[in-house]
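Engineer: kindly return the folded structure for what I paste below:
(one chain, ligands or ions: 1)
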Amino acid sequence: MSIFAKTKTMFHLPEGMVYLDGNSLGPLPRAATARVASTMTDEWGEMLITGWNKAGWMTKPTEIGDRIARLIGAEAGHVVLGDTLSIKVYQALASALDLNPARKVILSDTGNFPSDLYMAEGLIASLKQGHILKTVAPEDVAEHLDDTVAVLMLTEVDYRTGRLHDMAALTKQAHTVGALTVWDLAHSAGATPVDLTAANADFAVGCTYKYLNGGPGAPGFIYVAPRHAEAARPALSGWLGHAAPFSFHLNYAAGAGIERMRVGTPPVLQMAALETAMDIWDMVTMDAVRARSIVLTELFIAEVEAACPMLSLASPRDPHQRGSQVSFRFAEGYAAMQALIARGVIGDFRAPDIMRFGFTPLFIDAADVHAAVAVMADVMGNRLWDRPEYKIRARVT
Ligand SMILES: *Cc1c(COP(=O)(O)O)cnc(C)c1O
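Structural biologist: Purely as a prediction, here's the structure:
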């Protein structure tokens, strides 16, 4: 059995469903149910407060951080879990701005996920130091990197189109003009090989409920390059990032290295679920995942273009220019996606007209691609989406 045939058996995938939305919320690892149950009954239930030491709850954020580090090319001891990705964006950006105090421009792009931009706006308003957020078209980022830029803040893989930024080249150019970088790996971690060390990235953040399969509400993570680890000042100076949380000093003193990026109590049950997903990640290399992802996305594009000429490819055609998702534009994309979902092909819709499909080799294979395209051909060719009930927008799309 190939390694991916084996990993596929390790997830619960509902009967009759082709799940092409692992880029938004990964599926349930089969082992998670029992692991979370035993964390509840054997640890929380029996150990109560002693679980923090006895069950190692307190050190899980860096332990799991090290397992994620392998997937994103980070040095061990420089990734920690906690909070949500939006919070981690705020922390990374605040620390980076603080390390580059003479400059006021945060450069980002219009393909960035809105929450990252909103957090930057909120931070600017709190700092009141005259920072400005400049967003330019993704392809124009390089030409706007100049000596006014304090921080280049980008999401490596565009959540709508899957377009991949060149992290190494942009980081190098940012450093040349004296800017620091914050890379958001929300659609990279577990999707494409990332090498933060080789790229010389300064800060990186990401989440664990998308490709990493940690479950709804799984914590975010943050990376601080070793050269900044003892210099970065945490804006969110919570007690668990303190050098001595249990001394209960009245004044804050930042903890050693990445520990200072912790804020408060970690989500123990959610980390128990995530650990079972990390057990699956430990079985594969990102190079193998990437090779398989490219095979699947190329197959999907070829089959969809042959069967559904009314859809136009919104993702880069060159697989090396995109992450692990494929998007198509269609004016009635929302209704079309609802019609697919009603028939067990799960993708999602991103305004204004993007139908998005994630490819996750741990549990998606070529047979799934064929099955999904057969349903798409029927829905699109026969206009099965053209019904009023498919046009009612739900709260979460
Ligand atoms: C998914 C995603 C988020 C979501 O942040 P949460 O705080 O975890 O809800 C933020 N930024 C990017 C780039 C994302 O893709």
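
Engineer: contacting residues for residue 28?
Structural biologist: Listed by C-beta atoms under 8 Å, 6 or more residues apart in numbering, the contact set of residue 28 reads 11-12, 213, 215. (Glycine included, C-beta is placed from N, CA and C.)

Engineer: how far does the helix or strand bottoming out on mean pLDDT in the chain sit from its chain's centre?
Structural biologist: Least confident helix or strand of the chain, by mean pLDDT, DSSP states H and E, is strand 348-350 with a mean of 94. Taking C-alpha atoms, centre = their mean, to the nearest Å, one finds strand 348-350 lying 16 Å from the centre of the chain it belongs to.

Engineer: ok, stretch 222-241 next?
Structural biologist: Chain-centre distance of stretch 222-241: 20 Å, with C-alpha atoms, centre = their mean.

Engineer: which of the contacts of residue 28 sits closest to the ligand?
Structural biologist: Nearest to the ligand, judged by C-beta to the nearest ligand atom, of the contacts of residue 28 is residue 215 at 12.4 Å.

Engineer: quick check: buried residues in stretch 301-320?
Structural biologist: 301, 303-304, 308, 311, 314-316, 319 (16 or more other C-beta atoms under 10 Å).

Engineer: looking at these, which are in strands?
Structural biologist: Per DSSP state E, strands hold no members of the buried residues of stretch 301-320.

Engineer: what's the helix ranked longest in the chain in contact with?
Structural biologist: Using DSSP state H to define each element, the chain has its longest helix at helix 286-307. Helix 286-307 has contacts (C-beta under 8 Å, 6+ apart) with 3-4, 71, 190-194, 311, 313, 315, 317, 319, 322, 324-326, 328, 357, 359-362, 364-366, 369-370, 372-373, 376-377, 380-381.

Engineer: from these, list just the buried residues.
Structural biologist: Counted by 16+ other C-beta under 10 Å, the contacts of helix 286-307 give 4, 71, 190-192, 194, 311, 315, 319, 322, 324-326, 328, 357, 359-362, 364-365, 369, 372-373, 376, 380 as buried.

Engineer: keep those residues, but drop any that are not near the ligand.
Structural biologist: With C-beta under 6 Å from any ligand atom as the criterion, those include none near the ligand.

Engineer: tell me the domain boundaries of this protein?
Structural biologist: 3-29+285-391, 56-281 (automatic domain parsing).

Engineer: residue 44 is nearest to which of these?
Structural biologist: Closest approach to residue 44 among those (C-beta to C-beta): domain 56-281, 7.5 Å.

Engineer: and the end-to-end length of that closest one?
Structural biologist: Length of domain 56-281, first residue to last, C-alpha to C-alpha, to the nearest Å: 21 Å.

Engineer: and that domain, how far from the chain's centre?
Structural biologist: 11 Å.

Engineer: among the buried ones among the contacts of helix 286-307, name the ones in helices.
Structural biologist: 4, 71, 369, 372-373, 376, 380.

Engineer: the residues you listed: which two are farthest apart?
Structural biologist: For these, with distances taken as C-beta to C-beta, the pair at the greatest spread is 71 and 380 (35.3 Å).

Engineer: lovely, talk soon.
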